[in-house]
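> Model the following, please.
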Amino acid sequence: MKHFLRYTVALFAAVMLSLTVNAASRYDVVIIGGGASGTTAGIRSARLGAKTLIVEQGPWLGGMLTSAGVSATDGNYRLRGGMWGEFRDKLEAHYGGAEALKTGWVSNLLFEPSVGAKIFAAMAEAEQNLTVNYHTTLTDIRQLKNGSWQLTLSNGEKSWKLKAKVVIDATELGDVAAKVGIGYDMGMESRKLTGEDIAPEEANGIIQDLTMVMVLKDYGKDMSIERPEGYDAKEFACACVNDNCVTPKEANRLWSKQMMITYGKLPNDKYMINWPIEGNDFYVNMIEMNAEERAEAVAEAKARTIRFLYFIQHELGFNTLYLADDEFPTEDMMPLMPYHRESRRTHGEVRFKLQHITHPYNYSLYRTAVGVGDYPVDQHHTRYTGWEALPNLYFHSIPSYGLPMGTMLPKGVKNFIVAEKSISVSNIVNGSTRLQPVVMQIGEASGIIAALAAMQDIEPKDVAVRDVQREVLRGDGYLLPFLDIPSSHPHFDAVQRIGATGIMRGKGMTVGWENQTWFYTDEKITTADLAAGLDSYNPNYKYVTSNNSSDYVTLRDLISFCGDITAEQWAEWGLTNYDPQRELTRLECAVVLDARLKPFDNQDVNINGEFLR
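Numbers count the residues shown, from 1 in each chain. All right, here's what the predicted structure looks like:
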């Protein structure tokens, strides 16, 4: 009897241990890559209640913003929302305000990479549903019969297996998507294929230059390095105005040496050197290389950067500047990885092209937007031999845009989401969507999609677009890039919802260096415009005015169409100056339509933005 009891207890203990181990190794969402998108994906997924794991091969979260040293953000400065806005809040709190981040001229937001890494780590640690495995790599992934995933991970000392309902590829080069057989493109497509008038006539395999960034610090004494092997001043002769420069590649972009060095000036007298004009950009296509080949390519890119450091010290006279010894946790004081501007571009449920940005209302994808961008199409190619024959894509102006949800959903593979720079966009569009604020929003949206799919036990492509958009709005994120109503405005959600239905539309434009879209909240709306917008939403809506003499919509018009609206309701909606005879602003009209008709909630859309009638 005693033996039987011992056996029973031991068996029970073994079963309980097995259950505990199995439970610990099962996740709702696993994200491979803790970069700019992987970090926000993990945090957002965890906040929705999904058991989430981030697998990061290095010691830091943040990717290009931290590990690659590109700690000067591009774009979305006035589109402050979601986790991008949250990250900015924390940077400003650390440094003492927004003005303290305006240290260089390339951006209005510059910070030390190590500070960004600490902020991201703290944000992740605050989430009880999120685990981060640092110094860990994916060695194998396979899909099980039930559609879930089995992953094998390694930290160099041991390997282990775990299971996930949904996997997100947030790697820098889309490596996991390639492993599971998702189709992808690489290089430039032909304009005949994409219909983009600024694409090349013929397709090619050329990708953007990468950069091995360096962060320098002023030591206040001579820190000159020895002449590196292979150094030739001609390699950097026209990086700025200096005696070595005779035939610049881009004569219209020749700056003084002081402008060059302060381009990426960081707080605390540090300097981010990510100089695109005959500086430390480096051409190599690493995408399909193996690990050894990639390591060799990184070493070559790093060598160019060290040669550029010698040029800065010896040819330009900045000999008190040297690699910062308090930034990166590396022996050579260089970043943990290169700055990749381009990746595999996976084949998704939709492909986002230039024409969807320039003429959004000729298509329906804007209705599925889950993030925004406002940076021009900017591609780096001058370190490629033969760059002169490529299209000139230096700051090609476009309107600001909403990024479609379907770009993150790959074709042909279930329970898998793509983030970072591997989303389904054209090569041209990648020139804008690759920038840090957009990539952070890509991560946030992918985390929302993954968590909803896992918790609803459905495939990511079956998650309702409107459900994802609601969660973006709950996190104070943008769906559409209306500049005149910030995320802090009490009517922000209403305008975003109405904009996503297409009943009332914004207008995109370029003003100087800025790419903008305006809702024109304070302007009036014509009855003809409102009637057309309602018809595009639902042809059964027959807009009838109160037959007043005005060409503009009045409150009486909306009462005739929507039913009685009292002064009390008007006030409840946060509106003032109740007067049925008054011509309404576009903002007031949007708020009323959102409150009375609820068109965003009552008419879902599919992944292509088509209404589900």
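> Name the helix or strand for D28, please.
When elements are assigned from DSSP states H and E, D28 belongs to strand 26-32.
> Now do that strand: distance to the chain's middle.
20 Å (CA atoms, centre = their mean, to the nearest Å).
> Can you point out the buried residues in it?
Neighbour counts using 16 or more other CB atoms under 10 Å place 27-32 of strand 26-32 among the buried residues. Where C-beta positions appear, they are placed from N, C-alpha and C, glycine not excepted.
> Save those residues as a markdown table, and put in pLDDT and distance to T39 too.
Putting the buried residues of strand 26-32 into a markdown table (pLDDT from 0 to 100; distance: CB to CB, whole Å) gives the following:
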| residue | pLDDT | distance to T39 |
| --- | --- | --- |
| Y27 | 98 | 16 |
| D28 | 98 | 17 |
| V29 | 98 | 13 |
| V30 | 98 | 14 |
| I31 | 99 | 9 |
| I32 | 99 | 12 |
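> Just flag the most distant two among those.
D28 and I32 (14.8 Å; CB to CB).
> on that earlier part again, for the strand holding D28, name the packing helices and strands.
helix 36-47, strand 52-55, strand 159-169, helix 436-456 (3 or more CB pairs under 8 Å, 6 or more residues apart in numbering; DSSP states H and E).
> Report the inter-axis angle for the first one versus strand 159-169.
For the pair helix 36-47 and strand 159-169, the angle between their directions (axes from the mean of the first three to the mean of the last three CA atoms, to 10 degrees) equals 100 degrees.
> Start and end of stretch 68-78, how far apart?
Start to finish, the residues bounding stretch 68-78 are 25 Å apart (CA to CA, to the nearest Å).
> Please read the previous query as pertaining to stretch 62-82.
16 Å.
> contacting residues around N606?
By CB atoms under 8 Å, 6 or more residues apart in numbering, N606 lies in contact with 465, 612.
> Now do the strands in the stretch 351-500 of the chain.
Ranges of strands in the stretch 351-500 of the chain, per DSSP state E, counting those that start in this stretch, are 369-373, 401-404, 416-418.
> from the chain's centre, how far out does stretch 124-137 sit?
Remark: stretch 124-137 is offset 20 Å from the chain centroid, using CA atoms, centre = their mean.
> Not counting its own residues, what contacts that stretch?
Against stretch 124-137 from outside (CB under 8 Å, 6+ apart): 34, 39, 42-43, 45-47, 49-59, 61, 121, 153-156.
> ok so, going back, go through the buried residues of strand 26-32 and name the one nearest G187.
Compare each of the buried residues of strand 26-32 with G187 using CB to CB and the shortest gap goes to I32, at 23.8 Å.
> how near is that closest one to M405?
For I32, the distance to M405 equals 21 Å [CB to CB, to the nearest Å].
> what do you get for L479?
Counting by CB to CB, the gap from L479 to M405 is 10 Å.
> Give me the more crowded residue out of those two.
It is M405, of L479 and M405, that has more neighbours when counted by other CB atoms under 10 Å, with 31 against 28.
> where's that one relative to T346, distance?
Taking CB to CB, one finds M405 at 14 Å from T346.
> low pLDDT regions in the stretch 401-550 of the chain?
544-550 (pLDDT under 70).
> ok, G104 touching A72?
Yes. Counting by CB atoms under 8 Å, G104 touches A72, with 6.2 Å between them.
> so is I207 in a helix, a strand, or just coil?
Recorded secondary structure, I207: coil (DSSP: H, G, I helix; E, B strand; the rest coil).
> Without its sequence neighbours, what residue ends up closest to Q379?
L393 (4.0 Å; CB to CB, 6 or more residues apart in numbering).
> residue contacts, Y541?
By CB under 8 Å, 6+ apart, Y541 lies in contact with 534-535.
> Skip the chain neighbours and tell me the closest residue to A494.
That would be D594: by CB to CB, 6+ apart, it lies 4.1 Å from A494.
> Check the secondary structure at that neighbour for me.
D594 - assigned by three-state DSSP - is helix.
> show me what contacts it?
Neighbouring residues of D594 by CB under 8 Å, 6+ apart: 494, 497-498, 600.
> Repeat the analysis, applying 6 Å as the threshold.
Taking CB atoms under 6 Å, 6 or more residues apart in numbering, we find D594 in contact with 494, 497-498.
> if I look at it, how far off is P404?
Separation of D594 from P404 (CB to CB) stands at 22 Å.
> One more: H314?
Distance from H314 to P404, counting by CB to CB: 49 Å.
> These two: who's more crowded?
Of the pair H314 and P404, P404 is the one with more neighbours under other CB under 10 Å, namely 31 against 15.
> Report the separation between the more buried one and D269.
For P404 relative to D269 (CB to CB), the value is 42 Å.
> Can you report how many residues lie near P248?
When neighbours are counted by other CB under 10 Å, P248 registers 16.
> Skipping adjacent residues, who's closest to it in space?
In space, P248 is closest to C238, 3.7 Å off (CB to CB, 6+ apart).
> give the contact list for that neighbour.
245, 248, 278.
> So what pairs up with K163 in the strands?
R26, Q150 (DSSP bridges).
> Kindly give the local confidence score, pLDDT, for it.
As predicted, K163 sits at a pLDDT of 98.
> R470: how many residues sit nearby?
Neighbourhood size, R470 [other CB under 10 Å]: 17.
> same question, the one 5 residues further on
By other CB under 10 Å, the residues close to G475 number 19.
> now the one 3 residues further on
Under the neighbour criterion other CB under 10 Å, Y478 is assigned a count of 30.
> Cross-check the contact I'm expecting between it and V370.
No. Applying CB atoms under 6 Å, one finds Y478 not in contact with V370, separated by 9.1 Å.
> Which one of G104 and A72 is surrounded by more residues?
Shown here are G104 and A72; by other CB under 10 Å, A72 has more neighbours (24 against 19).
> Make sure the more buried one is actually in contact with S107.
Yes. Taking contacts as CB under 6 Å, A72 lies within contact range of S107: 4.1 Å.
> Can you pull the residues that touch both of those two?
Shared contacts of A72 and S107 (CB under 6 Å, 6+ apart): none.
> could you measure I607 against N427, distance?
22 Å.
> and those two? which has more neighbours close in?
Set I607 next to N427 and count neighbours by other CB under 10 Å: N427 wins out with 28 against 19.
> mind listing what that one touches?
N427 neighbours (CB under 6 Å, 6+ apart): 188-189.
> rewinding a little: so can I have TSV of the contacts of C238 showing pLDDT and distance to K257?
Listed next are the contacts of C238 as TSV, based on pLDDT from 0 to 100; distance: CB to CB, whole Å:
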residue	pLDDT	distance to K257
C245	94	10
P248	92	14
E278	96	13
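> In the protein, where is pLDDT below threshold?
Using pLDDT under 70, the chain drops low at 1-24, 544-550.
> Identify the residue nearest the geometric centre of it.
Closest residue to the average C-alpha location of the chain: V439 at 1.3 Å, with CA atoms, centre = their mean.
> was I right about it contacting A36?
Yes. Using CB under 6 Å, V439 makes contact with A36 at a distance of 4.5 Å.
> Now do the same contact list for the residue lying closest to Q143 once chain neighbours are set aside.
Using CB to CB, 6+ apart and skipping residues adjacent in sequence, the residue nearest Q143 is W149, 5.7 Å away. By CB under 6 Å, 6+ apart, W149 lies in contact with 143, 164, 167.
> Also I525?
I525 makes contact with 553, 586, 589 under the criterion CB under 6 Å, 6+ apart.
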